[in-house]
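Peer 1: Need coordinates for the following:
(one chain, ligands or ions: 1)
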Amino acid sequence: MSARIIDGKALSDSVRAEVAERVKALAAQGIQPGLAVVLVGEDPASQVYVRNKAAACEKAGLHSRVIRMGEDTTEAELLDVVRQLNEDSAIHGILVQLPLPGHMNTAKVIETIAAHKDVDGFHISNAGLLMTGKPLFRPCTPYGVMRMLESEGVPLRGAEAVIVGASNIVGKPMAMLLLAAGATVTLCNSKTRDLGAQTRRADVLVVATGRPGIVTGDMIKPGAVVIDVGINRLPDGRLVGDVDFESARQVAGAITPVPGGVGPMTIAMLLVNTIEAAERSAAGAALQTQ
Ligand SMILES: Nc1nc(=O)c2c([nH]1)NC[C@@H]1CN(c3ccc(C(=O)N[C@@H](CCC(=O)O)C(=O)O)cc3)C=[N+]21
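Peer 2: Numbers count the residues shown, from 1 in each chain. Got it, this is the predicted structure:
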């Protein structure tokens, strides 16, 4: 038996079509949602992501502003730009592309973004709100994974969910969203003893470590749903996930490919978060004029 392939590209297209409808509804109120993406330095991979985000915005009818700053930008200069965007009423969402150059304090930069414009969901207030079950913005990658599980009809109440990788950006918020959906969650990290013993219990397995091939077919329970968040560029130029796709697909019930899986969903959910921000801003403005 070979696993069903979960098509993130197709699902992201339908999510973006929904966003485009919501953009039209806001346009009728005279509002165009705006996303600002700040890119510091010249990292070629970051350049590609930023270009893809801008193109996705344009297609869905959102206004996007890309702010490019040199590698030698000071932290104070970056904080000034963020504060200006916080005050800018045409901008509903702010994303500062990570990683930042080494001389910057990433936490300080993120904490300077107004929490109600933090469409990445990385601000400490947004992390706290998610943890206490009252999310304002859900981080885009885990949010996209939840959307994929929902569209596949994967039952989560009472399910065993195992996450490999405990980052603030993916693993930890993923755990919170799966927990909120009623799953029993195990969060593994690089010190986990006998990783396979954990992953083999999973009905839903999410892998987000940045290590190609860390999960192989023998570590998967037959029929499990496998979500591969990793995006690794191999020396030969190939793009692969963290899961060994060929062996995993023989065992899993469903699996996400790389590319064309979680990546496109991350961008689609960024647009969802931006439209949510603009809708909230519009509702707030309406309350003030009552
Ligand atoms: N503040 C911030 N927020 C982010 O969300 C953020 C970030 N910084 N820094 C970089 C990572 C990376 N990231 C990706 C999004 C989509 C794809 C994507 O769509 N990938 C395609 C392949 C693209 C290719 O061919 O290279 C796919 O998986 O099919 C990849 C990577 C968002 N990131």
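
Peer 1: what's the pLDDT at the residue of the stretch 151-290 of the chain found nearest the ligand?
Peer 2: Nearest to the ligand, among the residues of the stretch 151-290 of the chain, is G263, at 2.2 Å (Cβ to the nearest ligand atom). Quick note: C-beta positions are derived from backbone N, CA and C, even for glycine. Model confidence at G263, given as pLDDT, is 97.

Peer 1: ditto for N232
Peer 2: Looking at N232, its pLDDT is 96.

Peer 1: Any residues of the stretch 1-150 of the chain in contact with the ligand? List them.
Peer 2: 48-49, 95-98, 120, 140 (Cβ under 6 Å from any ligand atom).

Peer 1: Is it possible to mark the buried ones in the residues you listed?
Peer 2: 49, 95-97, 120, 140 (16 or more other Cβ atoms under 10 Å).

Peer 1: which phi and psi does the residue in the stretch 1-150 of the chain that the ligand sits nearest to have?
Peer 2: Per Cβ to the nearest ligand atom, L98 is where the stretch 1-150 of the chain lies closest to the ligand, at 3.9 Å. In terms of degrees, to the nearest 10, the main-chain angles of L98 are phi -110, psi 150.

Peer 1: That one against T106, yeah?
Peer 2: Yes. At 6.6 Å, L98 counts as touching T106 under the criterion of Cβ atoms under 8 Å.

Peer 1: The helix or strand V38 falls within pairs with which strands, parallel or anti?
Peer 2: V38 belongs to strand 34-40 when assigned by DSSP states H and E. Using DSSP bridges, the strands paired with strand 34-40 are strand 63-69 (parallel), strand 93-96 (parallel).

Peer 1: what helices or strands is the following helix or strand past it leaning on?
Peer 2: The helix or strand immediately downstream of strand 34-40 is helix 44-60, counting by DSSP H and E. With contacts taken as 3 or more Cβ pairs under 8 Å, 6 or more residues apart in numbering; DSSP states H and E, helix 44-60 sits against helix 8-27, strand 34-40, strand 63-69, helix 262-288.

Peer 1: how about helix 44-60: buried residues?
Peer 2: Neighbour-count burial for helix 44-60 [16+ other Cβ under 10 Å]: 46, 49-50, 53-54, 56-57, 60.

Peer 1: How about stretch 247-256?
Peer 2: Under 16+ other Cβ under 10 Å, the buried positions of stretch 247-256 are 247-249, 251-256.

Peer 1: can that stretch be found next to the ligand?
Peer 2: No. With Cβ under 6 Å from any ligand atom as the measure, stretch 247-256 is seen stopping short of the ligand, the closest distance being 9.2 Å.

Peer 1: Confirm for me that M174 is in contact with V204.
Peer 2: No. Counting by Cβ under 8 Å, M174 does not reach V204; the two are 10.1 Å apart.

Peer 1: Just want the angle from the lowest-mean-pLDDT helix or strand in the chain to helix 8-27.
Peer 2: Using mean pLDDT, DSSP states H and E, helix 44-60 stands out as the lowest-scoring helix or strand of the chain, at a mean of 88. With axes from the mean of the first three to the mean of the last three Cα atoms, to 10 degrees as the basis, helix 44-60 and helix 8-27 are set at 50 degrees to each other.

Peer 1: burial of D7, as a residue count?
Peer 2: Close neighbours of D7, defined as other Cβ atoms under 10 Å, add up to 16.

Peer 1: tell me the phi and psi of it?
Peer 2: The phi/psi pair for D7 (degrees, to the nearest 10) reads phi -90, psi 90.

Peer 1: just to revisit the earlier point, may I have the residues that are in contact with the residue of the stretch 1-150 of the chain closest to the ligand?
Peer 2: If you count contacts by Cβ atoms under 8 Å, 6 or more residues apart in numbering, L98 has them with 106, 169.

Peer 1: Same question for the one 10 residues further on.
Peer 2: Counting by Cβ under 8 Å, 6+ apart, K108 makes contact with 75, 79.

Peer 1: cutoff 10 Å now
Peer 2: When contacts are counted by Cβ atoms under 10 Å, 6 or more residues apart in numbering, K108 is found next to 75, 78-79.

Peer 1: I appreciate the help and will end here.
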